[in-house]
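Participant: predicted model follows, preceded by the sequence.
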Amino acid sequence: MAIRSECLSLLVFFVLFYAAVAQRKAALVGGWRPIKDPKDAHVQEIGEFAVTEHNKQAKAQLKFQKVVRGETQVVSGTNYRLVVAAVDGAASNNYEAVVWEKPWEGFRNLTSFKRV
């Protein structure tokens with residue numbers, strides 16, 4: 001009888017634990033999460049892509065400097081919402097860029113770019 005009680009207690013514990021973990025993950029899917037290290041090489045690469053792509057689309061001459069800060073969002077791939085510093089002539093300005101990336105397909109798309 002004691003073994004059955006212990007097994008039941010363990011089963012209840014694991015069911016509650018799983019439910020708590022699943023609820024936490026569900027709350028994070030689709031939400032924006034801060035990028036902990038904007039100096040990360042991949043994050044900087046995404047920022048440089050954003051400026052280069054903006055230059056092609058807008059026929060601009062911005063020069064990428066760095067990613068200042070950013071957030072990611074898990075979608076079918078990852079959205080990166082970055083604040084990038086770029087030089088426009090002699091003036092340095094910050095811009096908000098959103099890039100959608102699906103690395104398993106080699107896909108990147110600049111979805112928005114604006115001065116902030």
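Facilitator: Received it, and whenever you're ready, just let me know what you need.
Participant: could you check how far Pro38 is from Glu45?
Facilitator: Per CB to CB, to the nearest Å, Pro38 is found 12 Å from Glu45. Backbone N, C-alpha and C define where each C-beta goes, glycine included.
Participant: the more surrounded of those two?
Facilitator: Pro38 (17 against 13; other CB atoms under 10 Å).
Participant: what about the residue nearest to the spatial centre of the chain, which helix or strand?
Facilitator: With distances taken as CA atoms, centre = their mean, Thr72 lies nearest the centre of the chain, 1.5 Å away. In this assignment (DSSP states H and E), Thr72 forms part of strand 63-75.
Participant: for that strand, what is the average pLDDT?
Facilitator: On average, the pLDDT along strand 63-75 is 98.
Participant: can you count the residues close to the nearest residue to Asp37 once chain neighbours are set aside?
Facilitator: With sequence-adjacent residues excluded and distances taken as CB to CB, 6 or more residues apart in numbering, Asp37 is closest to Val43, at 7.1 Å. Neighbour count of Val43, defined by other CB under 10 Å: 20.
Participant: next: the one 3 residues further on.
Facilitator: By other CB under 10 Å, 23 other residues sit near Ile46.
Participant: what's the spacing between it and Gly89?
Facilitator: 24 Å.
Participant: what's near enough to touch Glu53?
Facilitator: Glu53 sits next to Val99, Arg108, Leu110, Phe113 when contact means CB atoms under 8 Å, 6 or more residues apart in numbering.
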